[in-house]
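**Student:** one predicted model, sequence on top.
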Amino acid sequence: MDLRFSLAVPREAPSIPMIRRVVGDALRGLGVAEDCVTDILVAASEACTNVVQHSRADGGFTVAGQVAGGTCQLRITDRGRGPRPVPPPKELDDLSESGRGIRIMRALMDDLSIDSVPGSGTVVQLRKRLTWRDENPIGRLGHRLLHSAG
């Protein structure tokens, strides 16, 4: 089953729990395992918090998601001037506040990319292979369809 969604939200802190709720409910509704949902929500929260705290853009930002082929992909986009340069992961001090969210996202997700173009904004892409609950409703539906077709 494929699922696509897109949210356009104001660049304000109250947007972050709303995004967590929508994404979490969608993933849980598909039967994604809770630990996998948690990883995705923490990484998405970090990316959205970076937009709220560091984007130098007026207006809002978007969160677009897709669940397909056993993976979840999220794309967080703002239209700011782009972030200040972020040091590579090995140059970050373990006690430093700066860059901690990026390390968290890298640890929780299978793939993270951050593309920034001055004047066009920043796009954070997160990708994770999904794990499923045993009582996955989508899996049961697929099994029934396969069984009835065979």
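**Tutor:** It's in. Numbers count the residues shown, from 1 in each chain.

**Student:** how close does the closest residue to Ala33 other than its chain neighbours get to Arg79?
**Tutor:** The shortest distance from Ala33 to any non-neighbouring residue, by C-beta to C-beta, 6 or more residues apart in numbering, is to Thr131 (4.3 Å). (Each C-beta comes from the backbone N, C-alpha and C, glycine too.) Separation of Thr131 from Arg79 (C-beta to C-beta, to the nearest Å) stands at 34 Å.

**Student:** same deal with Gly24?
**Tutor:** Distance of Gly24 to Arg79, given as C-beta to C-beta: 26 Å.

**Student:** next: Val42.
**Tutor:** Per C-beta to C-beta, Val42 is found 25 Å from Arg79.

**Student:** re earlier: check the contact between the residue nearest to Ala33 and Thr38; I expect there is one.
**Tutor:** No - using C-beta atoms under 8 Å, Thr131 is not in contact with Thr38; the gap is 11.2 Å.

**Student:** tell me the strands beside the helix or strand Val123 falls within, with direction?
**Tutor:** Per DSSP states H and E, Val123 falls inside strand 121-129. The strands that strand 121-129 pairs with in its sheet are strand 71-78 (antiparallel), strand 111-117 (antiparallel) (by DSSP bridges).
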